[in-house]
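Colleague: Sequence below, structure please.
(one chain, ligands or ions: 2)
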Amino acid sequence: MGKTFDIGLGRLAGTSVSVSVPLNEAQDPPSKIEGGAPGTGEVKAAGLGDSPCATGAETFYLETFGCQMNEHDSEKVAGVLLARGYKQVESAESASVVLYNTCSIREKAAQKVFSRLGEYRFTQQEGQIIGVLGCVAQQEGEKIFSRAPWVSLVCGSASYRKLPQLLAQLEAGNRRVTGLETDTDETFETEVTRRDNPWRAYLTIIEGCDKACSYCVVPFTRGPERSRTSESILEEVRRLADAGYTEVQLLGQTVNSYADPSARKMRFSELLVAVAEVPGIRRVRFTTSHPRDFGKDIVDAIEAVPAICEHVHLPVQSGSTKVLRAMARTYTRGEYLEKVALLRVAKREISLTTDLIVGFPGETERDFEETLSLLDLAQYDGAFCFKYSPRPNTPSLKMDDAIPEEEKSRRLAILMEKQREIQRGRNERLIGQSFEVMVEGKSKKEHQWSGHTSSNKVMNFTSREQESLGDYVHVKVTAATPNSLVGEKIGMTEG
Ligand code: SAM
Ligand code: SF4
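Modeller: Ligands and ions are numbered 1, 2, ... in the order given. Take a look at the predicted model:
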């Protein structure tokens with residue numbers, strides 16, 4: 001079966017007009033465990049504290065649902081357990097611990113969790129521990145035990161470091177354990193991370209969110225904003241570069257709201273430059289940027305430093321100032337377009353992608369038309385489009401003028417079709433130009449390869465040579481679709 005891995009933005013959220021890159025299984029990159037001696041991929045035992053180690057017989061199965069942050073959290077959870085002697089297995093049936101890392105951003109995602117837990121109930125082996133991690137764990141807490149009594153562990157993202165202790169408590173005879181604090185000052189840094197991709201490393205630089213958009217569960221499920229120190233981030237990037245990673249993706253729900261807690265007080269734009277200057281790092285990506293904290297200094301950094309990728313994901317959510325106000329997004333349509341203008345006058349062509357919600361309570365036809373007209377002005381290279389989904393605890397739950405489901409679906413279809421045509425036009429403009437591409441996959445078709453440009457466009461290209469995954473090549477664009485570019489390799493790029 002082909003595995004889908006690292007689709008950059010494609011993993012940010014469910015419904016999307018962007019696509020993921022399916023990889024041929026034979027070409028799947030091997031996982032790496034980070035945290036040991038640089039470059040060795042060994043698991044370091046020192047510094048792991050007094051937390052209990054597994055006897056060697058314990059195994060875990062980890063299933064992940066949701067955004068890029070969840071994917072990366074799962075890499076960290078796997079690292080924590082592997083470092084304590086657990087072995088990771090490919091099926092729930094053969095595991096002593098089954099962990100499900102969940103998402104609750106939209107209702108459908110949350111519903112899916114309980115139907116999946118229902119399936120686990122029927123496959124549960126004698127003595128097997130079933131645990132729920134992530135946003136649904138944080139949101140539902142101990143209620144999960146009454147809805148799914150076969151679950152014995154519930155743990156939110158701020159408590160993953162405690163997983164070995166929680167598992168030890170279960171093994172010692174406790175029937176149910178929870179890790180649900182969100183008021184911790186710590187960001188979720190682990191000593192050991194098992195990374196799924198040997199060239200591209202994800203790194204959380206800021207956890208949680210303080211923005212309080214009226215529709216969003218993230219502030220409840222991930223807690224307040226906590227940033228890592230710039231020193232610890234740069235130290236990790238140096239280790240990653242030593243271990244052979246060439247691309248780093250800095251993650252945060254509002255990555256550009258990064259606030260260095262150390263005396264150095266590095267700004268986010270300075271951090272981007274510092275990461276890009278680490279020897280061996282060729283690409284630096286960052287997601288997701290909040291428009292309120294997006295300034296010219298970030299554009300200046302992209303312009304000045306080629307290793308900072310020419311792509312910004314800047315969710316707008318709506319083109320109507322009235323709706324933005326109801327969403328508590330803290331900017332108007334005009335202010336958002338001023339940020340877009342900063343990007344459009346940059347010397348490097350910077351690709352721009354966004355998130356959009358249709359059918360927010362009170363969204364009139366006129367408001368929706370303003371969103372459509374914003375697409376014309378912003379000329380996005382990609383957009384994740386969602387129907388508004390009412391979520392527990394959020395202020396928008398109590399708002400009047402709910403939009404009927406059929407109307408939301410109608411608006412979503414119109415929006416996606418319009419964006420698709422914009423993307424087609426934007427990609428067709430690139431025919432004849434050449435771009436650097438990181439080789440990330442081989443197609444089943446002969447001589448066909450795929451990867452991403454610095455602007456995060458998917459490039460499917462022809463090369464008669466045996467390419468090495470993780471290499472950088474120059475590709476000339478010969479054709480374009482709304483979701484990808486098609487090209488031919490014209491040479492290697494210098495390392
Ligand atoms: N922090 C990012 C920002 O401010 O843009 C977004 C993070 S959120 C995990 C990803 C996207 O999910 C949001 O940009 C929004 O479009 C969508 N989303 C969040 N809550 C939603 C809801 N209740 N209904 C529909 N879409 C939602
Ligand atoms: Fe949610 Fe808004 Fe925070 Fe993004 S900025 S995570 S949409 S509350």
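Colleague: what's around residue 241, how many residues?
Modeller: Neighbours of residue 241 under the rule other CB atoms under 10 Å: 20. The C-beta positions use only the backbone N, C-alpha and C, and glycine is treated the same way.
Colleague: List the buried residues in the one helix or strand it maps to.
Modeller: If you go by DSSP states H and E, residue 241 is part of helix 230-242. Buried residues in helix 230-242, counting neighbours by 16 or more other CB atoms under 10 Å, are found at 230, 233-234, 236-241.
Colleague: which other helices and strands contact that helix?
Modeller: Judged by 3 or more CB pairs under 8 Å, 6 or more residues apart in numbering; DSSP states H and E, the packing partners of helix 230-242 are strand 200-204, strand 247-251, helix 268-276.
Colleague: hmm, who's touching it?
Modeller: Residues outside helix 230-242 that contact it (CB atoms under 8 Å, 6 or more residues apart in numbering): 34, 38-39, 189, 201, 203, 205, 248, 250, 260, 262, 264, 266, 271, 274-275, 278-281.
Colleague: just to revisit the earlier point, okay if I get the helices and strands packed on helix 230-242 as TSV plus distance to residue 484 and mean neighbour count?
Modeller: Converted to TSV, those look like this (distance: least, CB to CB, whole Å; neighbours: other CB atoms under 10 Å):
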stretch	distance to residue 484	mean neighbour count
strand 200-204	18	24
strand 247-251	19	23
helix 268-276	26	22
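Colleague: Nearest approach to residue 406 belongs to which of these?
Modeller: Residue 406 lies closest to strand 247-251 among the helices and strands packed on helix 230-242, at 35.8 Å (CB to CB).
Colleague: Now tabulate the buried residues of helix 230-242 in CSV and tack on distance to residue 210 and pLDDT.
Modeller: CSV is the format used below for the buried residues of helix 230-242 (distance: CB to CB, whole Å; pLDDT from 0 to 100):
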residue, distance to residue 210, pLDDT
230, 19, 97
233, 20, 97
234, 24, 97
236, 24, 95
237, 25, 97
238, 30, 97
239, 29, 96
240, 28, 95
241, 31, 97
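Colleague: Closest one of those residues to residue 395?
Modeller: Residue 395 lies nearest to residue 233 out of the buried residues of helix 230-242, by CB to CB, at 33.2 Å.
Colleague: Quickly note the distance from the closest one to ligand 2.
Modeller: Distance, residue 233 to ligand 2, by CB to the nearest ligand atom, to the nearest Å: 20 Å.
Colleague: between the helix holding residue 241 and helix 268-276, how many degrees?
Modeller: Here the directions of helix 230-242 and helix 268-276 differ by 30 degrees (axes from the mean of the first three to the mean of the last three CA atoms, to 10 degrees).
Colleague: same for ligand 1: which of the buried residues of helix 230-242 are within range?
Modeller: For ligand 1, no contacts are drawn from the buried residues of helix 230-242 by CB under 6 Å from any ligand atom.
Colleague: With distance to residue 367 as extra columns, can I get the residues you listed in a markdown table?
Modeller: As requested, the buried residues of helix 230-242 are arranged in a markdown table below (distance: CB to CB, whole Å):
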| residue | distance to residue 367 |
| --- | --- |
| 230 | 41 |
| 233 | 40 |
| 234 | 44 |
| 236 | 43 |
| 237 | 42 |
| 238 | 48 |
| 239 | 48 |
| 240 | 44 |
| 241 | 47 |
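Colleague: Nearest to ligand 2, out of these: which one, please.
Modeller: Nearest to ligand 2 among these, counting by CB to the nearest ligand atom, is residue 233 at 20.3 Å.
Colleague: Quick check: the closest one vs ligand 1, distance?
Modeller: 19 Å.
Colleague: in the stretch 301-450 of the chain, which spans are helices?
Modeller: 321-327, 333-344, 365-378, 405-428 (DSSP state H, counting those that start in this stretch).
Colleague: For the stretch 51-200 of the chain, give me the ranges with low pLDDT.
Modeller: Residue ranges of the stretch 51-200 of the chain with pLDDT under 70: 51-56, 183-192.
Colleague: Can you give me the neighbour number for whatever residue of it ends up closest to ligand 2?
Modeller: Nearest to ligand 2, among the residues of the stretch 51-200 of the chain, is residue 105, at 8.2 Å (CB to the nearest ligand atom). For residue 105, the count of nearby residues is 21 (other CB under 10 Å).
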